[in-house]
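A.B. asks: pasting the structure only:
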């Protein structure tokens, strides 16, 4: 009786309107569908099928045996930050101080911290699409506005200066670059990045560059925009060990930026995450000290799968440009007459092959499918056979 009397007034909303407006992850939806099912070939989740190399796991085990189970400094172990700087100098010939490095719980946290540290309400952030699904929600959660910028197949899904200029306003604060790209596998070579820098500097934009796939390029070495004239002071680089070292579950990433920005990111980090797990940090130290050989072995295998899988997709009639990095193919499915979601749903139910609809990565991803080739070559060949059966049946019924 009493409770009914006090509910005469309308109950206040219990969930933030911003959170209500954010859709669930389309990637995780398909991941959940295939969890625990042995009858499905999954091309859906962007996770290496390699086990974390033994010497890295051993370093984690040894750290536990030695009792390294405490907090670290908020910014992360000094030795790890020093090794990251050394590795970056070796790869890109650009020198940073360990004070410019923040160790995070995965690259996702690094991206979130970067956005919250530099954005104000009303700011706009340019997000080239198709893109990784977390950028726009994190921008919204930071109180700012994501502005999708469509990229296209004819440009191999690279952001062009013309596209950037078209979307810049007086409120534009940041542009996100994510190359090698998830979901397309597109890369930005040095000449492409140089074409962007004039516009970025002219409009005084900050850049958040997600380079988690930077070590997984196949034809040309990855170039970071931080190496170009004028860009170091305007760039926050986020990176990690999940993809290159097959350490997804260890959740270890980092950000590199001018110290003023790292200090601001660390201020948020110390209140929300405190520090990245020390066990994962010890594993990352081992990965940087002795992990380069395993990277090359994995990359060689990915490269072989890439060539076989993309050739197979094109043979089937699903036009697919050759990705230059990461471990994704992004074929067009427009010849089938199906939309991305219907194609993916029916491919799963009719042929037991899971892939992710391209539209979950943005409007310009519609008419495409993201297929991860981070699975065995044998399964990729079976998947190609099943996709061909599905496509042929669909085209025949469509005609």
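C.D. replies: That came in fine, so what should we check first? Not measured: the values here are computed from a predicted model. Numbers count the residues shown, from 1 in each chain.
A.B. asks: give me the residues contacting stretch 82-101.
C.D. replies: By CB atoms under 8 Å, 6 or more residues apart in numbering, the residues outside stretch 82-101 that reach it are 75-76, 78, 81, 214-215, 222-224, 226-227, 232, 254-259, 262, 285, 288-289. Where C-beta positions appear, they are placed from N, C-alpha and C, glycine not excepted.
A.B. asks: give me phi/psi at residue 212?
C.D. replies: phi -60, psi -20 (degrees, to the nearest 10).
A.B. asks: wait, doesn't it sit right on residue 247?
C.D. replies: No - with contacts counted by CB atoms under 8 Å, residue 212 stays clear of residue 247, the gap being 11.1 Å.
A.B. asks: going by neighbour count, list what's buried in the helix or strand hosting residue 175.
C.D. replies: For residue 175, the host element (DSSP states H and E) is strand 172-177. Under the neighbour-count criterion of 16 or more other CB atoms under 10 Å, strand 172-177 has 172-177 buried.
A.B. asks: and if you look at stretch 182-191?
C.D. replies: Result for stretch 182-191 [16+ other CB under 10 Å]: buried residues 182-189.
A.B. asks: widest-spaced pair of the residues you listed?
C.D. replies: Spatial extent of the buried residues of stretch 182-191 (CB to CB) is set by the pair 183 and 189 at 19.3 Å.
A.B. asks: just to revisit the earlier point, nearest to residue 305, of the buried residues of stretch 182-191?
C.D. replies: residue 185 (12.1 Å).
A.B. asks: and the residue lying closest to the closest one once chain neighbours are set aside, how close does it get to residue 329?
C.D. replies: Setting aside the residues directly before and after it, residue 185 is nearest to residue 323 in space (CB to CB, 6 or more residues apart in numbering), at 2.2 Å. Distance, residue 323 to residue 329, by CB to CB, to the nearest Å: 6 Å.
A.B. asks: who's more crowded, the two?
C.D. replies: Neighbours per residue (other CB atoms under 10 Å) separate residue 323 from residue 329, with residue 329 holding more: 29 against 26.
A.B. asks: surely residue 246 meets residue 51?
C.D. replies: Yes - with contact defined as CB under 8 Å, residue 246 reaches residue 51; the gap is 6.7 Å.
A.B. asks: the more surrounded of the two?
C.D. replies: When residue 246 and residue 51 are compared for neighbours, residue 246 comes out ahead with 23 against 9, by other CB under 10 Å.
A.B. asks: outline the domain layout of the chain.
C.D. replies: Following automatic domain parsing, one gets these domains for the chain: 15-52+293-393, 54-290.
A.B. asks: what comes up buried for stretch 235-253?
C.D. replies: For stretch 235-253, by 16+ other CB under 10 Å, it's 235-248, 250-253.
A.B. asks: so what's residue 267 up against?
C.D. replies: Residue 267 makes contact with residue 117, according to CB under 8 Å, 6+ apart.
A.B. asks: go on, residue 229?
C.D. replies: Neighbouring residues of residue 229 by CB under 8 Å, 6+ apart: residue 197.
A.B. asks: what about it, which SS state?
C.D. replies: Classification of residue 229 by DSSP: H, G, I helix; E, B strand; the rest coil places it in coil.
A.B. asks: likewise for residue 15?
C.D. replies: coil.
A.B. asks: same check, this time on residue 237
C.D. replies: Applying three-state DSSP: residue 237 is strand.
A.B. asks: pLDDT at the residue nearest to it when sequence neighbours are not counted, what is it?
C.D. replies: Spatially, and ignoring its direct neighbours in sequence, residue 237 is nearest to residue 256 (4.5 Å; CB to CB, 6+ apart). Note for residue 256: predicted pLDDT of 98.
A.B. asks: now do the helices in the protein.
C.D. replies: Counting by DSSP state H, the segments of the chain that form helices are 2-6, 17-21, 26-34, 54-65, 78-92, 106-118, 135-141, 161-167, 190-202, 259-272, 278-290, 292-316, 340-351, 377-398.
A.B. asks: may I see the buried residues of the fourth one?
C.D. replies: It refers to helix 54-65. Neighbour count says helix 54-65 has 56, 59-60, 63 buried, by 16+ other CB under 10 Å.
A.B. asks: of those residues, closest to residue 335?
C.D. replies: Closest to residue 335, out of all of the buried residues of helix 54-65 and judged by CB to CB, is residue 56, at 43.3 Å.
A.B. asks: quick check: the closest one touching residue 252?
C.D. replies: No - taking contacts as CB under 8 Å, residue 56 lies outside contact range of residue 252: 10.5 Å.
A.B. asks: intersection of neighbour lists for those two?
C.D. replies: Common contact partners of residue 56 and residue 252 (CB under 8 Å, 6+ apart): residue 283.
A.B. asks: before we move on, what's the pLDDT of residue 1?
C.D. replies: pLDDT at residue 1 comes out at 43.
A.B. asks: which of the helices of the chain sits most buried?
C.D. replies: helix 106-118 (a mean of 25; mean count of other CB atoms under 10 Å).
A.B. asks: give me the mean pLDDT for that helix.
C.D. replies: Taken as a whole, helix 106-118 has an average pLDDT of 98.
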